[in-house]
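In: Generate a structure from the sequence data that follows.
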Amino acid sequence: MLRFRRAVAVAGLVAAVPSLTGMTAAEAAPQASWKLVQEFGTSYGNPELQGGVAVSAKLAWVGGYTYRTGDSVFLARWNGTRWSQVAGPAALRSTSASVSPGPLAVSGAALWAFPAQQAATPKVYAARLSGGRWTLWRLRGAMRIDGAAVFGNSDVWAFGEGLLPRGWTGLANGPAFAEHFNGKRWQRVSMPGVPLMVSSLSRTDIWAYGPTNRTASAANQKFIAMHWNGHRWRTLAIPRIRATNGKLMWPASFTVLRHDSLWVTEGFHCPVPGNCQPAQPAGMILAHWNGHRWVRVLDRAAYELASAEPDGHGGLWIDALTVKNPRTAYLHYRFGKLSVSFLPASSSGSPVNVSAPIPVPGTNTAWGTADVELGGGPTVAAVFRYGA
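Out: Model prediction:
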């Protein structure tokens, strides 16, 4: 049984422990590998991909954006045989502003996207594709949507960040934004913190992660996990964990395998994303909430900027940047073992802007997305597949 505490730190951190199964985590060569399966180049507007969602071996989606006027949102669907482009909402095509699709979710035969149109005042939407037709709703007051939970066309959640108030001195985050759709209208929902990441297990078991409302605009934020039990939000503090070298880390990502298995990655603290002054040492920590306390499971100085998510089989995918010869690595952690893999280069070049793996339910495979930079600035969007 999970124990929640409001506005207090969780005590009892373990300095160093073996894996939860009693095995020492070791980096091993993966038995499967990543292979390039699709590229979307100039004829598609040189898109940049941001990730996607997989429903089964025969249905998956990836999304991103292009800078081509009149065709800003980019979406592609896997039908079990091939990838093909799908047109985005017509109302968002005739625009010179960049429009990204935001997080993608699937419910039945419907695809949900949450596109954000970049402007002086961003315009954010909820968009549903069903029966070949798009329906669009404006989410007023949102700056961007970071996560979504969809349990049917009359039970949809959108989580993210609101527009920056006057005088806001926050990081890259805005204030908390959450809305729920009941099939007829969207209604604002109050939350105890900014929902930067979301893990949805069921309509009465939704988890979110981010800084508290009180510290959202501060350089030294306090992070919490937020749990929706179908009636209200409750919170669990996420503490800063000290690495074996004495460095005090900061929460970087949060995910849930099941209701009693919570995981966080932590890394260095950078008050201004992309411009960390003074420079901080690299490193990655993976920690687990065992129902009573946070336990440090992995401590690696070779990786940084790590983000974890479930692999669908009781393990975790962790995408992280290697410190030496920087590039994005896919780390796979399961049963106390850590394997490392990389997306291969194509004839066009090496992958950059690598997104998190997209596990395929019911299989041991996953999709990966990245961009391949061409000379002069254009990119080719690349889709990879992980398997034996």
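
In: Low-confidence ranges, the stretch 101-250 of the chain, go.
Out: 167-172 (pLDDT under 70).

In: now with 90?
Out: 101, 108-109, 117-122, 164-174, 216-221, 242-250 (pLDDT under 90).

In: For the residue nearest to the spatial centre of the chain, give me its contacts.
Out: Centroid check for the chain by CA atoms, centre = their mean gives M197 as the closest residue, at 6.2 Å. Counting by CB atoms under 8 Å, 6 or more residues apart in numbering, M197 makes contact with D146, G147, A208, Y209, G210, S253, F254, T255. To be clear about C-beta, it is placed using only N, CA and C from the backbone, and glycine gets the same treatment.

In: Repeat the analysis, applying 7 Å as the threshold.
Out: M197 makes contact with D146, G147, A208, Y209, S253, F254, according to CB atoms under 7 Å, 6 or more residues apart in numbering.

In: Apart from its neighbours in sequence, what residue is nearest the second one?
Out: Counting by CB to CB, 6 or more residues apart in numbering, the nearest residue to G147 once its immediate chain neighbours are dropped is V198, at 3.0 Å.

In: bridging residues for that neighbour?
Out: In this entry, V198 is beta-bridged to A208, by DSSP bridges.

In: cool, and A148?
Out: Those that pair with A148 in a beta bridge, by DSSP bridges, are A158.

In: rewinding a little: burial check on the residue nearest to G147, number of neighbours?
Out: Around V198 there are 27 other residues, counting by other CB atoms under 10 Å.

In: From A110, how far off is the residue nearest to N79 when sequence neighbours are not counted?
Out: Spatially, and ignoring its direct neighbours in sequence, N79 is nearest to K58 (6.5 Å; CB to CB, 6+ apart). Distance, K58 to A110, by CB to CB, to the nearest Å: 16 Å.

In: ok, those two, which is more surrounded?
Out: Between K58 and A110, A110 has the larger neighbour count (other CB under 10 Å), namely 16 against 11.

In: ok, the residue lying closest to the more buried one once chain neighbours are set aside - how many residues close by?
Out: Closest residue to A110 apart from its sequence neighbours, by CB to CB, 6+ apart: S130 at 4.1 Å. S130 is flanked by 14 other residues according to other CB under 10 Å.

In: S130 reaches A109, doesn't it?
Out: Yes - with contact defined as CB atoms under 7 Å, S130 counts as touching A109 (6.3 Å).

In: how about the nearest residue to A302 once chain neighbours are set aside, what does it touch?
Out: Distance criterion CB to CB, 6+ apart; nearest residue to A302, sequence neighbours excluded, is V323 at 5.6 Å. Contact partners of V323, counting by CB under 7 Å, 6+ apart, are A282, A302, Y303, E304.

In: ok, now R138?
Out: Here R138 is in contact with K123, Y125 (criterion: CB under 7 Å, 6+ apart).

In: Tabulate the contacts of M197 in CSV, adding columns for neighbour count and distance to G162.
Out: What follows is the contacts of M197, written out as CSV (neighbours: other CB atoms under 10 Å; distance: CB to CB, whole Å):
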residue, neighbour count, distance to G162
D146, 23, 11
G147, 24, 14
A208, 29, 14
Y209, 28, 17
S253, 22, 21
F254, 26, 20
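
In: Just put those residues in TSV and tack on distance to Q118.
Out: Converted to TSV, the contacts of M197 look like this (distance: CB to CB, whole Å):
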residue	distance to Q118
D146	15
G147	19
A208	24
Y209	25
S253	24
F254	26
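
In: you'd agree A381 is up against G64?
Out: Yes - using CB under 7 Å, A381 makes contact with G64 at a distance of 6.2 Å.

In: which residues are common contacts for those two?
Out: P47, E48, L49.

In: Relative to G141, which of those residues is nearest.
Out: Nearest to G141, judged by CB to CB, of the shared contacts of A381 and G64 is E48 at 26.7 Å.

In: For the closest one, give the beta-bridge partners.
Out: Y65.

In: right, and it touches D371 too?
Out: Yes - with contacts counted by CB under 7 Å, E48 reaches D371, the gap being 5.1 Å.

In: re the thing from before, and the residue nearest to N79, how far is that from R68?
Out: 30 Å.

In: which phi and psi does S43 have?
Out: phi -70, psi -20 (degrees, to the nearest 10).

In: any idea how far it is from G141?
Out: From S43 to G141 the distance is 38 Å (CB to CB).

In: Between these two, which has more neighbouring residues?
Out: G141 (13 against 7).
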